[in-house]
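Participant: can't give you the sequence, but here's the structure:
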């Protein structure tokens, strides 16, 4: 693959960057990333991955843009109200970078479509807002042997970890979804808008690092931050074989979350 | 005993007590919603009562965060 003159100009800050270079940029241009959820985490992740030139970005989200989303879901603008989120995001990506091929799926990520959807992608970003989806993404990626970035935010806090086959998964830290309504969701407890950007861009950086194969991914580590104190910590976690043996995908109790508020 | 909890020092008069007791002392409101890593290994929930912490132990309380949209 040869970069065009326009691409050399567009990606020049990557190309001159030791660790990326023309070779790394070409890997990014060939990359296929699936972003599940086009909200607080998915929005910034999609913007940065599109700007970076990720060749194919898959977006799956069943929701439409709501006024309460705009406080943090920076890929959606006021004129997009009531538009499907994946369509709104696809339009912005096309404006940022016409190099990017976008697969927009206005659908929910479910046990019966999960493996079929992820098989076309090299890296998956969890930008969902509920535990059933987070556990399903984990299980599908472990079963399908797909690298993914887990992300969770609440109030002023965020946490993220990266899985690649052989490393600790989300289930190695949290064994099963909490009982419905035991843990407040962002729609119940609130979320500081800027932390969605902080976490979503960390997830985008992890995806790009995976493709350029540089540095150390957040594997076997959970990164936790509190934006109120601006303290970041990483906690080492170990793979647990008993929790990495996923045989079947299930849709957990959807009542656990408040999907329409996402 | 002196413990390290989420990277910070904590001191207790007792020489030892259970992880469940520690969660109570640290005012963890919903212990069902926390994962506990004990000296580098994730602790199964059913062992919170039987696992006794002692001087020098390192614990991490990890909380569910379900948001993202």
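Facilitator: Alright, I've got the coordinates. Since the model is a prediction, treat every value here as computed from it, not as a measurement. Numbers count the residues shown, from 1 in each chain, chains lettered A, B, ... in the order given.
Participant: can you give me the helices in the stretch 51-200 of chain A?
Facilitator: A:85-96, A:114-118, A:131-143, A:170-173, A:186-189, A:193-212 (DSSP state H, counting those that start in this stretch).
Participant: looking at the ones you listed, which has the lowest confidence?
Facilitator: Among the helices of the stretch 51-200 of chain A, helix A:186-189 carries the lowest mean pLDDT, a mean of 76.
Participant: Remind me what that one packs against, helices and strands.
Facilitator: strand A:148-154 (3 or more Cβ pairs under 8 Å, 6 or more residues apart in numbering or on different chains; DSSP states H and E). Quick note: C-beta positions are derived from backbone N, CA and C, even for glycine.
Participant: Need the contact partners of the strand it packs on.
Facilitator: Strand A:148-154 is contacted from outside by A:40-41, A:123-127, A:134, A:137-138, A:141, A:158-163, A:170, A:183-186, A:189, A:191, A:195-196, A:199-200, A:202-203, A:206-207, A:218, B:64-68, using Cβ atoms under 8 Å, 6 or more residues apart in numbering or on different chains.
Participant: Could you list the contact residues of the stretch 1-150 of chain A toward chain B?
Facilitator: Proximity of the stretch 1-150 of chain A to chain B, by Cβ under 8 Å from any Cβ of the partner chain, involves residues A:37, A:39-42, A:63, A:69, A:73, A:126-131, A:134.
Participant: Inside strands: which ones of those?
Facilitator: In strands, defined here by DSSP state E, the members of these are residue A:126.
Participant: which residues of the chain score low on pLDDT?
Facilitator: With no chain named, the answer covers chain A. Along chain A, the model assigns pLDDT under 70 to residues A:253-262.
Participant: Swap in 90 and give it another go.
Facilitator: Low-confidence segments of chain A (pLDDT under 90): A:1-2, A:176-189, A:250-262.
Participant: Spit out the contact partners of the residue positioned nearest the centre of it.
Facilitator: Centroid check for chain A by Cα atoms, centre = their mean gives residue A:125 as the closest residue, at 2.5 Å. Contacts for residue A:125 (Cβ under 8 Å, 6+ apart) come out as A:33-36, A:41-42, A:45, A:148-149, A:151, A:203-204, A:207.
Participant: neighbouring strands for the helix or strand hosting residue B:35, and are they parallel or not?
Facilitator: Assigned by DSSP states H and E, residue B:35 falls within strand B:34-38. Applying DSSP bridges, strand B:34-38 is found paired with strand B:41-43 (antiparallel), strand B:58-63 (antiparallel).
Participant: Packed most tightly, which of these would that be?
Facilitator: Across the strands paired with strand B:34-38, averaging neighbours per residue (mean count of other Cβ atoms under 10 Å in any protein chain shown) puts strand B:58-63 on top, at a mean of 18.
Participant: and residue A:93, how far is that from chain B?
Facilitator: To chain B, residue A:93 is 18 Å away according to Cβ to the nearest Cβ, to the nearest Å.
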